[in-house]
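Student: What follows is a predicted structure for the sequence shown.
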Amino acid sequence: MGKISILLPLILFLAVPLSAQVNRYAVFFADKDGSPYSIAQPEEFLSARAILRRQNQNITIQENDLPVNPLYIAGLLDAGANVFYTSRWFNMALVQMEEGLESDILTLQFVSEVRQIAPGERLSPTGRKRSSWLGRLQGRTTNSQINQLGLNNLHDEGFLGSDVFIAVFDSGFEGVDTSEAFSAIIDEDRLTDTFNFVLNSQEVYSLDSHGTEVLSVMGASVQDEFVGASPRASFALYLSEDDDSEYPIEEFNWLMAAERADSVGVDIINSSLGYNTFLAPFDDYALEDMDGNTTVVTRAADLAASKGMLVVTSAGNEGNNDWGTITAPADADSVISVGSVNSSGFLSSSSSGGPTTDGRIKPEVVARGVSTSVIRSSGNIGTASGTSFSAPLVAGMAACIWESQPSLTAMQLRDTIISISSNFQNPNNQFGYGIPQFGEIIASLEGAKVAGLTVFPNPTTSNTVTISGIKYRNPKFILVDMSGKKYVLNTISEVEKGSYDVSLCKFSGGTYIIDVYLGNRSQKIKIFER
């Protein structure tokens, strides 16, 4: 995969007088009136891959896909603001400007709100580097975490994440440009984009090594020693987390990274980040804010999912402290949030649980997050613990499944991963739906057949499916969605002995279980509706 032309976000740099106190602000616009961009010409602001992803999933181009009106940016510049990034989805700009300029900006007719999101001046440009390669798909030190998910079966079948594009949002990727464990990604042009939203630069190989270890869980390879969950995937590395502070600007950095990921055609976002507390003078979030609709980063995550990207995020490591529960954006309703277990499948005491404030089960799934094998910034193999390292295992698994079943939409893939998890029938707010296990998906994806029962077509795009192999009179069909809600299905007719046409006219776009009740017992069939 070659280099991708970046259309967004807008990145500018202007000098600011050193004598004034400069802070960072989010400036929200009232509308997109007068924009030179059109929904009818998305190629002017989205890459071909981003457009194709929408087309493949029947996602329409919407007004929130349109870039910010350039005239509004010009107005901010004329008023003395230093504009760094713009957000299509939130219709805003992230700026640095002198303290006190807020009142002048608010007088502009097209501005609806100015919000300080971090003190001081931080953004400035630098450069980037690259280097050499090594790679072989063996992994003695990673066998346990790979096999726990059944990923070894996917790898053995040749599904390694090829042609799946993953964006990693983190705090720094020290050593990725110099370690042989990552050189295959670079030399094969599978590292297609980098950006540092903290410093306004493409240089991401500094500041911290947390992202290095997260990336390694998915993409690193060391001959005979280490293999990532999706070692043939392509990657974008976005530095959105400022490890030196904790201010709301990091949520906006996440938003900007998600929009850039969307515009370049990313398929999967892995975010091993979470937000609930901030440094003064900014207020912390309350537990009530973990409702799927309140925080900036949660809203951004759901918007990313609405554009056809699968968002995988760590649940958080708050299980042993007063907060105790998930952190944003794990509360989003369209993401996969991932908790942490050890090699034996026992829950880590630090792993954040649910539910969300509005009662939804969290996390969705769990994976190895205790002594997970990683590559350090030095290039050496080590271990690390936390939901930061269970999330990329699931993201890598998703990439391999998506390679094997490219017709799945992002939400169908999300539902599929949930439905193949070990605790699917009895989910709770510690393990969620359990550990995803690839061995459980094979029959379903190739045409469900359970104890002699078959459903056709599967996946389906029609309003009717045929269930065959029934040896009892008057069967009853109950559809169960991923939330556990049940619906009685209408039987249209018995088309032939033991085969029934069943109506699905009320349902679309997801993974379901059909419970077939035969007298005093039942059998289950998994079905995918596009």
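Tutor: Happy to help now that I have it.
Student: residue ranges of the strands in the stretch 201-350 of the chain, please?
Tutor: With DSSP state E, counting those that start in this stretch, the ranges of strands along the stretch 201-350 of the chain come out as 221-222, 226-227, 234-239, 268-271, 310-314, 336-341.
Student: Among those, which comes closest to residue 25?
Tutor: Residue 25 sits nearest to strand 234-239 of all the strands of the stretch 201-350 of the chain, at 20.6 Å, using CB to CB. C-betas here are computed from N, CA, C, even on glycine.
Student: Now do the buried residues in that closest one.
Tutor: For strand 234-239, the neighbour count (16 or more other CB atoms under 10 Å) marks 234-239 as buried.
Student: now swap in stretch 257-272 and tell me
Tutor: Neighbour-count burial for stretch 257-272 flags 257-272 (criterion: 16+ other CB under 10 Å).
Student: Repeat that for stretch 40-58.
Tutor: Across stretch 40-58, burial judged by 16+ other CB under 10 Å covers 42, 45-47, 49-51, 53-54, 57.
Student: again with stretch 114-124
Tutor: Buried residues in stretch 114-124, counted by 16+ other CB under 10 Å: 114, 116-119, 121-123.
Student: which of those lies closest to residue 431?
Tutor: Of all the buried residues of stretch 114-124, residue 431 sits closest to residue 117, with 35.3 Å by CB to CB.
Student: Which SSE is immediately downstream of the helix or strand bottoming out on mean pLDDT in the chain?
Tutor: When each helix and strand of the chain is scored by mean pLDDT, DSSP states H and E, strand 449-450 comes last, with a mean of 40. For strand 449-450, the following helix or strand on the C-terminal side (DSSP states H and E) is strand 453-456.
Student: Now do that next one: everything it contacts.
Tutor: By CB atoms under 8 Å, 6 or more residues apart in numbering, the surrounding residues in contact with strand 453-456 are 447-448, 465-470, 514, 516, 523, 525, 527.
Student: What strands line up against that strand, and which way round?
Tutor: Using DSSP bridges, strand 453-456 pairs in its sheet with strand 449-450 (antiparallel), strand 464-468 (antiparallel).
Student: how distant is that strand from the center of its chain?
Tutor: Distance of strand 453-456 from the chain centroid (CA atoms, centre = their mean, to the nearest Å) equals 32 Å.
Student: could I have that strand exported to CSV, CA atoms only?
Tutor: Only the C-alpha atoms of strand 453-456 are listed here, as CSV (Å, rounded to 0.1, in the frame of the first residue of the first chain):
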residue,chain,number,x,y,z
LEU,A,453,-30.3,-27.0,11.2
THR,A,454,-29.3,-24.7,8.4
VAL,A,455,-30.3,-21.1,7.5
PHE,A,456,-30.1,-19.7,4.0
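Student: pLDDT on it, on average?
Tutor: For strand 453-456, mean pLDDT is 78.
Student: Flag every buried residue along it.
Tutor: So for strand 453-456, counting by 16+ other CB under 10 Å, buried means 453-455.
Student: ok, the residues you listed vs residue 296, which is closest?
Tutor: The nearest member of these to residue 296, counting by CB to CB, is residue 455 at 41.9 Å.
Student: Relative to residue 378, which of the buried residues of stretch 114-124 is nearest.
Tutor: Nearest to residue 378 out of the buried residues of stretch 114-124 is residue 122 (CB to CB; 27.5 Å).
Student: Ramachandran angles for the residue nearest to residue 172 when sequence neighbours are not counted?
Tutor: Leaving aside its chain neighbours, residue 172 sits nearest to residue 208 (3.1 Å; criterion: CB to CB, 6 or more residues apart in numbering). Main-chain torsions, residue 208, degrees, to the nearest 10: phi -170, psi 160.
Student: and what of residue 526?
Tutor: The phi/psi pair for residue 526 (degrees, to the nearest 10) reads phi -90, psi 140.
Student: how many other residues sit next to the residue nearest to residue 121 when sequence neighbours are not counted?
Tutor: The shortest distance from residue 121 to any non-neighbouring residue, by CB to CB, 6+ apart, is to residue 22 (4.2 Å). Residues lying near residue 22 (other CB atoms under 10 Å) number 20.
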